[in-house]
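Undergrad: Quick one, structure for this:
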Amino acid sequence: MSDMSSMNRDLKKRQLKRQIISNPAMRQEKEEDSEQVVKKAHKKVWKKRLTIMAVLAVVIAGAVYGGYRYYRDFQYTDYTVGWERQLDRGDSSFTGYLKYGSNLLKYSKDGVSYVDSSGKDVWILSYEMKTPIAAVNGDYAVIADQQGNSIYICDKNGGVGVATTNLPIIKVTISAKGLVAAVQEEQKSTRIDMFKKDGSPLDISIKGLMGGDVGYPLDISLSPDGTKLVGSFMYIENGSLKCRVAFYDFSEIGKNIPTRFVGGFHDIYETSMIPRVKFLDEVYSCAFADDSISFFSSRNAMSPELLVHIPIEEDVKSVFYSSDYAGVIVGATSGEYNYRMDVYKSNGEKVFSEPFSYDYRDVDIDGEHIFLYNEDSCRVYNMWGNLKFEGNFDFTISKITNGSFPNSLIVTGPQNMKEIKLQ
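TA: Model prediction:
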């Protein structure tokens, strides 16, 4: 009996085995079920990972935004002095400072020095001038004797050239390649002469008469590459005194035009004076009039374009500019504030407008900061128009620039320089 049962069991096993082997659909179904389980497990893991990544992204974005708001809105209330240097050339002939790269150019009646960010003289160049005027552009600087005949050209290694004019100098400008343009005055006319960086003259001259086509130059500025010049010119038309902005080209293309004149704008300046013009970079330039600010593009060098003309109803008190921005400070005619500061990008797009009531003497711009200051106090604004710092100092202020760190300033006087760490 037991043998029979054993045989039956073996028979059933063999039959079941044959059914399994002969039924691939069943085997495939089981394999597919296993694959589905694996896929669901992977999907669950990825969902969990994506959730974690999304949470981390939100946390990081929140931290970045919080840091951005802190950087933008935080106002410093105190400061410490990091270091102080006595300047060697702090004599009575001191005239002024100009921002020169990340350092300063200090010029006076008896010489010019290149002062680094630690207050040390990199080089000193001696001369004698009655009324020194100076300009910088890139790695080059020019110092001239206003109403005199001497022009000194420097780079960051020292003097590179000296030019002498036949007529009294009124204004000078320099390109980032060392090309110099000098306005000289005769009894009834003016001329703009060009000089190489070694001081040798170029065969380029623009002559002007009040009653002529050019007019009397109030201000001039060279583009960084030295191929373009913008000037504001005063002239007489039908017995009335008027102003225009004119562009000249000294490149190979400009040689095809005898006068080098490539474009001018006068209709927007019917009753205006234009005391300041400036090439901000190779393309964009601006003109500061007594009742407006205008932005131009020289992308097409042979056809300068007026980008935007912004009328100003209030009195213009100060102007300032860098390669990226241009701004004006005007007197407020009503309200609780005495002044308003308007800042624009180099293409004329408005950045911000901020009213204030601070008794300032000078205004400078360095990077993303604007400095208002008087004899012994200053204000620092950022490019959102937020006041970052307001404080008083125990020495005379001649110049303020950014320091080596985001919270530091270099404050320079006639005889000393200090690193100020804002807190």
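
Undergrad: From here on, just use CA atoms for contacts and neighbour counts.
TA: OK.

Undergrad: Low-confidence regions, this protein specifically.
TA: Within the chain, the ranges that satisfy pLDDT under 70 run 1-34, 38, 62-71, 88-92.

Undergrad: switch the cut-off to 80
TA: Flagging of the chain using pLDDT under 80 yields the residue ranges 1-45, 56-72, 88-93, 211-212, 334.

Undergrad: Distance check, the residue nearest to the spatial centre of it against residue 285.
TA: Geometric centre of the chain, nearest residue: residue 324, 3.2 Å, by C-alpha atoms, centre = their mean. Relative to residue 285, residue 324 is positioned 10 Å away (C-alpha to C-alpha, to the nearest Å).

Undergrad: Touching both of those two, which residues are there?
TA: Counting by C-alpha atoms under 8 Å, 6 or more residues apart in numbering, the residues touching both residue 324 and residue 285 are residue 346.

Undergrad: Helix, strand or coil: sort out residue 51 for me.
TA: What DSSP: H, G, I helix; E, B strand; the rest coil gives for residue 51 is helix.

Undergrad: Could you tell me how many residues sit around it?
TA: Residues lying near residue 51 (other C-alpha atoms under 10 Å) number 12.

Undergrad: next one: residue 151
TA: Neighbours of residue 151 (other C-alpha under 10 Å): 25.

Undergrad: Start and end of stretch 156-172, how far apart?
TA: Its start and end residues considered, stretch 156-172 measures 19 Å (C-alpha to C-alpha).

Undergrad: Buried residues, it. List them.
TA: The neighbour-count check on stretch 156-172 (16 or more other C-alpha atoms under 10 Å) flags 156, 158-164, 167-172 as buried.

Undergrad: Counting only strands, which of those make the cut?
TA: In strands, judged by DSSP state E, the following of the buried residues of stretch 156-172 are found: 158-164, 169-172.

Undergrad: Which two among the residues you listed are spaced furthest apart?
TA: Greatest spacing in those, by C-alpha to C-alpha: 158 and 170 (24.1 Å).

Undergrad: who touches the nearest residue to residue 417 once chain neighbours are set aside in this structure?
TA: Closest residue to residue 417 apart from its sequence neighbours, by C-alpha to C-alpha, 6 or more residues apart in numbering: residue 85 at 5.2 Å. Listed by C-alpha under 8 Å, 6+ apart, the contact set of residue 85 reads 118-120, 416-418.

Undergrad: Specify the local secondary structure of residue 48.
TA: Of the three states, residue 48 takes helix according to three-state DSSP.

Undergrad: Residue 386 contacts residue 351, doesn't it?
TA: No: Residue 386 is not in contact with residue 351 according to C-alpha atoms under 8 Å; the separation is 12.0 Å.

Undergrad: Much appreciated, bye for now.
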